[in-house]
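Asker: Okay, predicted coordinates and the sequence, questions at the end:
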Amino acid sequence: MPAARGSRTVDLPPEELLTHLDDVVIRLSAEASADPNTEAAGDIGATCLYAVYDPVAGRCSLARAGHVLPLLATGEAAVDLLDLPPGPPLGLGGLPFEAAEVDLPEGSLLALYTDGLVEARDRDIEGGLTLLRHTLAQPSASLEAACDTVLQALLPTGRPHDDVALLPARTRALGEHQVAAAVLMNCGEPQF
């Protein structure tokens, strides 16, 4: 979504960014409804999960708008759904979004994905989540290999019936020698 890429540079916390995107989706829906050249296809909406990772503190701030919960693999063969506050899909307007702060141990694997990855004609979402968790618990040489393994396990027939996205991210912490700190001094107001 181009609005998400542009809004990212504003450096908003996740819950505020989702509020901004909600306003954008509402505006786009209103513009599409008012355009006589656009076929009326119903309201415009979207789901979104936005995460910001701080490699110095090892913390991640996440907020979601109607999106499926991300998974966290900590390397202890456990893969858990992150417990995040629910948020309405983008385009409903007027409802608040709430962020959660999560400590992520170094080397953790955070997996963001769409519901199309875990839902299938022959499997409900719970069955897909169980399969995804089991697959992510297996060690992989790289993130690319992890993606390949997940896609082979969850989409064995190739073409899915819904959109599919998988974004795995491995956390790294920055050591003291990799971080610079600046001391800003307030020297009073300039004299003219």
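Answerer: Yep, that arrived.

Asker: Give me the residue ranges of this protein where confidence is low.
Answerer: Of all residues in the chain, those with pLDDT under 70 make up the ranges 1-10, 35-43, 76, 158, 181, 184-192.

Asker: what's the closest non-adjacent residue to the most centrally placed residue in the chain?
Answerer: In the chain, the centroid-proximal residue (Cα atoms, centre = their mean) is residue 49; its distance is 3.4 Å. Sequence neighbours aside, residue 67 is the residue nearest to residue 49 in space, at 4.1 Å (criterion: Cβ to Cβ, 6 or more residues apart in numbering). Backbone N, C-alpha and C define where each C-beta goes, glycine included.

Asker: give me the number of residues near that neighbour?
Answerer: When counting by other Cβ atoms under 10 Å, one arrives at 23 neighbours for residue 67.

Asker: For it, list the residues it contacts.
Answerer: Contact analysis of residue 67 by Cβ atoms under 8 Å, 6 or more residues apart in numbering lists 47-49.

Asker: what about it, distance to residue 88?
Answerer: Look at residue 67 and residue 88: by Cβ to Cβ, to the nearest Å, they are 11 Å apart.

Asker: and what of residue 49?
Answerer: From residue 49 to residue 88 the distance is 13 Å (Cβ to Cβ).

Asker: Touching both of these two, which residues are there?
Answerer: residue 65.

Asker: isn't residue 117 right up against residue 168?
Answerer: No. Residue 117 is beyond contact range of residue 168, at 11.6 Å (criterion: Cβ atoms under 8 Å).

Asker: Which strands or helices does the helix or strand harbouring residue 15 pack on?
Answerer: For residue 15, the element it lies in under DSSP states H and E is helix 14-34. Using 3 or more Cβ pairs under 8 Å, 6 or more residues apart in numbering; DSSP states H and E, the elements in contact with helix 14-34 are helix 2-8, strand 48-54, strand 59-65.

Asker: Pull the contacting residues for residue 109.
Answerer: Counting by Cβ under 8 Å, 6+ apart, residue 109 touches 72-73, 75, 136, 143, 146, 168-171.

Asker: partners of it in the sheet?
Answerer: Using DSSP bridges, the bridge partners assigned to residue 109 are residue 73, residue 170.

Asker: Same check on the one 4 residues further on?
Answerer: Note on residue 113: beta-bridge partners residue 166, judged by DSSP bridges.

Asker: how near is it to residue 11?
Answerer: 26 Å.

Asker: Against residue 16, how distant is the residue nearest to residue 19 when sequence neighbours are not counted?
Answerer: Nearest non-adjacent residue to residue 19, counting by Cβ to Cβ, 6+ apart: residue 97, 5.8 Å away. Remark: distance between residue 97 and residue 16 (Cβ to Cβ) = 8 Å.

Asker: same question, residue 91
Answerer: Counting by Cβ to Cβ, the gap from residue 91 to residue 16 is 17 Å.

Asker: So the two - more neighbours on which side?
Answerer: residue 91 (21 against 16).

Asker: Near the residue lying closest to the more buried one once chain neighbours are set aside, how many other residues are there?
Answerer: Computed as Cβ to Cβ, 6+ apart, the closest residue to residue 91 that is not its neighbour in sequence is residue 45, at 3.7 Å. When counting by other Cβ under 10 Å, one arrives at 16 neighbours for residue 45.
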